[in-house]
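1. got a structure for you, letters missing:
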């Protein structure tokens, strides 16, 4: 019962419009009340443009805006169609900028700033003791609901629910092991908008040439190191967007 209760707490979660020149920073609305000084771990993922699937991923840690890069940047991939503004921290402000907006089934990964509330994997908790953030053991009956008409849309649930009302889902115990290790990206979470995008993770990639259906993927060995590094006490977040927008916004947002 404890495990099922945990699953019900996991509300969440799965990638070409013409690119236009971004608005200037001065055209944006007043920043939200997000306290950046609390965020001490950043995963920064940038692409060359909205429609690019190859990405560069870098880790930073710090306090009150003083950032130090951790290790070397690594290659990653995003959605096969690229990126689109997602639903996370500062959602309304970022979506005032030019660029596509994330929708269910668009094969785009969400751009913006997102919390990273939990990890998951095929290993039992005892074998994942190196993971400090909340961890969910994925078994054969666990799935993420993609059906926008379902009451369980964007949630991870067991398939044995008596009131199951969905027609489509992402079964998380995969034969290709892409979800052997992963992290929930807090896009369209915890109060999902139907059709806004679901089942968004950091997970294992196929390779550097193949994009995802909306997630961000990387080499498995790096992903395990990432899971070791993430700490809930340091309020980790993902910052993900085209490099042009990241460079434009970094000073204002206090990013490295």
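-> Right, received. Where do you want to start? Because the structure is a prediction, the values reported are computed rather than measured. Numbering: from 1, shown residues only.

2. Going along the chain, name the strands of the stretch 51-200 of the chain.
-> Per DSSP state E, counting those that start in this stretch, the stretch 51-200 of the chain carries strands over the ranges 54-63, 66-77, 82-85, 108-115, 118-121, 134-137, 142-145, 156-158, 169-171, 181-184.

3. Quick one: residues contacting the nearest residue to residue 59 once chain neighbours are set aside.
-> Counting by Cβ to Cβ, 6 or more residues apart in numbering, the nearest residue to residue 59 once its immediate chain neighbours are dropped is residue 70, at 4.1 Å. All C-beta spots, glycine's among them, are computed from the backbone N, C-alpha and C. Residue 70 makes contact with 59-61, 229 under the criterion Cβ atoms under 8 Å, 6 or more residues apart in numbering.

4. Which of those residues ranks first by neighbour count?
-> residue 59 (22 neighbours; other Cβ atoms under 10 Å).

5. Now residue 247: which helix or strand?
-> According to DSSP states H and E, residue 247 maps onto helix 243-253.

6. distance of the residue nearest to residue 121 when sequence neighbours are not counted from residue 189?
-> Excluding the flanking residues, the one nearest residue 121 by Cβ to Cβ, 6+ apart is residue 181, at 4.7 Å. Relative to residue 189, residue 181 is positioned 20 Å away (Cβ to Cβ, to the nearest Å).

7. Could you report the neighbour count for the nearest residue to residue 80 once chain neighbours are set aside?
-> Excluding the flanking residues, the one nearest residue 80 by Cβ to Cβ, 6+ apart is residue 211, at 3.5 Å. Look at residue 211: counted by other Cβ under 10 Å, it has 24 neighbours.

8. what's the answer for residue 88, then?
-> 24.

9. residues contacting it?
-> Contacts of residue 88 (Cβ under 8 Å, 6+ apart): 110, 112-115, 186-187, 189.
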